[in-house]
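Enquirer: Predicted model and sequence follow; I will ask about them next.
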Amino acid sequence: MSNVQQATKQVDAVVVGAGFAGMYSLYKLREQGLKVQVYEAGTGVGGTWYWNRYPGARVDSQAYIYQYWFSKELLDEWNWSERFPAQDETERYLNHVADRFDLRKDIQFKTRVTAAAYDEASQRWTITTDDGQSVSAQYFIMGTGGLSVPMLPALPGIENFKGRIVHTAQWPREGVDLKGKRVGIIGTGATGIQVIQTIAGEVGHLTVFQRTPNYTIPMRNPKYDDAARAELRAQYPMLKERVQRTFAGFDYDFEDRNFFDVDPAERQRILQRLWDDGSLNFWIGGFREVFFDEKVNAEFSDFVRQRIRERVKDPKVADKLVPQDYGFGTRRVPLETKYYEAFNRDNVLLVDTKATPMEEVTAKGIRTSAGLHELDILICATGFDAGTGALTKVDIRGRDGVLLRDAWAQDGVRTTMGLQVHGYPNLFMTMAPFSPAAAFCNVPTCLQQQVDWIADCIAFVRQQGRHSIEPSAEAEAKWVAHHDELANLTLVPKTNSWYMGSNVKGKPRRLLAYAGGAGTYRAKCEEVKASGYEGFVTA
Ligand code: NA7
């Protein structure tokens, strides 16, 4: 204990995580003259793009909107190689940013924050790390990401497997030799799809354990040459503005027209045009009613089902790959490249775990109700405890020592705009529940907006000569009610996915992300700022 006390150092702000949000928080707050300490569990920067180095990992947002906007020099000098860059390129970009702006000197790597406690008398947080150190900070910012706590499947006997088990988000830096091996993969979300389409031709045999098929969109991923990059660069100022106002922080947005005001032939032409763009445009750049209206949604769903069927040779396999019992876009829509063709290969077997459930893992492989699938390597593309996972994993104690984890377990999750929580002064969060950043957003757009808001808020507190800020209980209740009201207007709660927390046993079903759209959310955040932080209490 005395060691810990001796080690206590004083900074203005502690930031957890050196991914997109953490690095930008460091940059912004340091610019405002704050002494900032960042803690990062990994050995390098990049967050999601540091950890998720599985085969085929790639962004589903176009590179030219998946970047920082704060530095013209950075925009001018960084050359994206293609429309949807792979993990290593995105990680290289984030390393370049860290070097370019000399961020590393304030980042302590290989260090996990385990606890943080607020002291009302001093209006400061004491933050403890897994190396037994502690640091005192006035502001505490969780830049821990929404998808950073990986989940392994709870299968009986998993500890008996004699082969290798690897979660996609914990993929070893040195790689895994899959060549010629009997590989099994559990999970066919955005991650599983990228892995399957990438490794099918390399492994000896691939068994895909699928519980729920996804609607997907074929990715169109042209390479960029200098001319293409120059053309894009000329659009950066426009893109920077545009992404701030759209529903999902992309450069495209919904049609102004209502779906059924457009005649059926024209509707099909529009769907085809969106489809041919080879991006998420088909989902969040088409008609907003796809999220609200079952009939509109059915037309989108049928369109995609048909496209999937066209590509799978065996109609029985196609039956399994085509989603039937939920609507398009009510879960995250993955982009894919030759994913369905993988199932036309002789060395790929699709196992429907709803029809033949996985009963146990044995030393040799996975036994379903239909028999044993022998495996050398088991890949778990089984997702994350999204949104709340990273926030409840740390012992965050607010006023009166109340653990955030307990408060949320007892009263349900609550946040104010996903940025702060009543009872936790000077705690700021990014990608937290009840903001669009939690799921319905091109992540860098929403993270930069949230970090800008946090930095402005801290500047405001300092300018006022105050020391802390938190939302009032009333403002928080209002935001939570507003969030829930919008969530229930959408079709999303009808489907199971990490959007609803339904992938985690015992997690209450609740839409994580604010459904009003990123543009509307930004306007609301701006309103709060312009009003002198109405609904927030300073002390
Ligand atoms: P997801 O989208 O949560 O996908 C996880 C997949 O793993 C999904 O297909 C799950 O089936 C499956 N899963 C999880 N546990 C099990 C068990 N126990 N048995 C069978 N199948 C299981 O995670 P991803 O990593 O693919 O993507 C996360 C986000 O990262 C993605 O949305 C993008 O935003 C980037 P289910 O669908 O639950 O039936």
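Expert: Structure received.
Enquirer: Near the ligand, which residues of the stretch 251-400 of the chain are found?
Expert: Residues of the stretch 251-400 of the chain found near the ligand (C-beta under 6 Å from any ligand atom) are 332, 353, 381-383. Backbone N, C-alpha and C define where each C-beta goes, glycine included.
Enquirer: if we go to 8 Å?
Expert: Applying C-beta under 8 Å from any ligand atom, we find that the stretch 251-400 of the chain lies next to the ligand at 331-332, 334, 353, 358, 380-384, 386.
Enquirer: So, low pLDDT: which residues of the chain?
Expert: Within the chain, the ranges that satisfy pLDDT under 70 run 1-7.
Enquirer: packing partners for the longest helix along it?
Expert: Counting by DSSP state H, the longest helix found in the chain is helix 443-463. Under the contact definition 3 or more C-beta pairs under 8 Å, 6 or more residues apart in numbering; DSSP states H and E, helix 443-463 sits against helix 20-31, strand 469-471, helix 518-530.
Enquirer: can you redo the residues of the stretch 251-400 of the chain next to the ligand as JSON lines with secondary structure, distance to residue 151 and neighbour count?
Expert: Formatted as JSON lines, these follow (DSSP: H, G, I helix; E, B strand; the rest coil; distance: C-beta to C-beta, whole Å; neighbours: other C-beta atoms under 10 Å):
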{"residue": "331", "secondary structure": "coil", "distance to residue 151": "16", "neighbour count": "22"}
{"residue": "332", "secondary structure": "coil", "distance to residue 151": "15", "neighbour count": "17"}
{"residue": "334", "secondary structure": "coil", "distance to residue 151": "18", "neighbour count": "20"}
{"residue": "353", "secondary structure": "coil", "distance to residue 151": "16", "neighbour count": "17"}
{"residue": "358", "secondary structure": "strand", "distance to residue 151": "15", "neighbour count": "19"}
{"residue": "380", "secondary structure": "strand", "distance to residue 151": "8", "neighbour count": "24"}
{"residue": "381", "secondary structure": "coil", "distance to residue 151": "11", "neighbour count": "24"}
{"residue": "382", "secondary structure": "coil", "distance to residue 151": "6", "neighbour count": "23"}
{"residue": "383", "secondary structure": "coil", "distance to residue 151": "6", "neighbour count": "25"}
{"residue": "384", "secondary structure": "strand", "distance to residue 151": "6", "neighbour count": "21"}
{"residue": "386", "secondary structure": "coil", "distance to residue 151": "9", "neighbour count": "27"}
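Enquirer: Report the contact partners of whichever residue of the stretch 351-500 of the chain sits closest to the ligand.
Expert: As assessed by C-beta to the nearest ligand atom, the ligand sits closest to residue 383 within the stretch 351-500 of the chain, at 2.6 Å. Applying C-beta atoms under 8 Å, 6 or more residues apart in numbering to residue 383 gives the contacts 147, 150-151, 187, 189, 191, 498, 503.
Enquirer: same deal with residue 180?
Expert: 203-204.
Enquirer: Likewise for the one 4 residues further on?
Expert: Residue 184 makes contact with 206-209, 365-366, 373, 375, 377-379, according to C-beta under 8 Å, 6+ apart.
Enquirer: go with 6 Å
Expert: 207, 366, 375, 378 (C-beta atoms under 6 Å, 6 or more residues apart in numbering).
Enquirer: Ok, which of the helices and strands packed on helix 443-463 comes nearest the ligand?
Expert: helix 20-31 (13.4 Å).
Enquirer: Next, the buried residues of that closest one.
Expert: By 16 or more other C-beta atoms under 10 Å, the buried positions in helix 20-31 come out as 20-30.
Enquirer: How far away from the center of its chain is it?
Expert: Relative to its chain's centre, helix 20-31 lies at 19 Å (C-alpha atoms, centre = their mean, to the nearest Å).
Enquirer: Phi and psi next, for residue 438.
Expert: For residue 438, the backbone dihedrals (degrees, to the nearest 10) come out as phi -60, psi -20.
Enquirer: Around the ligand, which positions in the stretch 401-539 of the chain sit nearby?
Expert: 439, 496-498, 502-503.
Enquirer: Of those, which pair is most distant in space?
Expert: With C-beta to C-beta as the measure, no two of these lie farther apart than 439 and 496, at 14.1 Å.
Enquirer: okay, the two: which has more neighbours?
Expert: residue 439 (27 against 16; other C-beta atoms under 10 Å).
Enquirer: Pretty sure that one sits against residue 499.
Expert: Yes. Assessed by C-beta atoms under 6 Å, residue 439 is found in contact with residue 499 at 5.3 Å.
Enquirer: okay, and the common contacts of the two?
Expert: residue 512.
Enquirer: Report the closest residue of the stretch 151-300 of the chain relative to the ligand.
Expert: Closest point on the stretch 151-300 of the chain to the ligand, by C-beta to the nearest ligand atom, is residue 189, at 2.4 Å.
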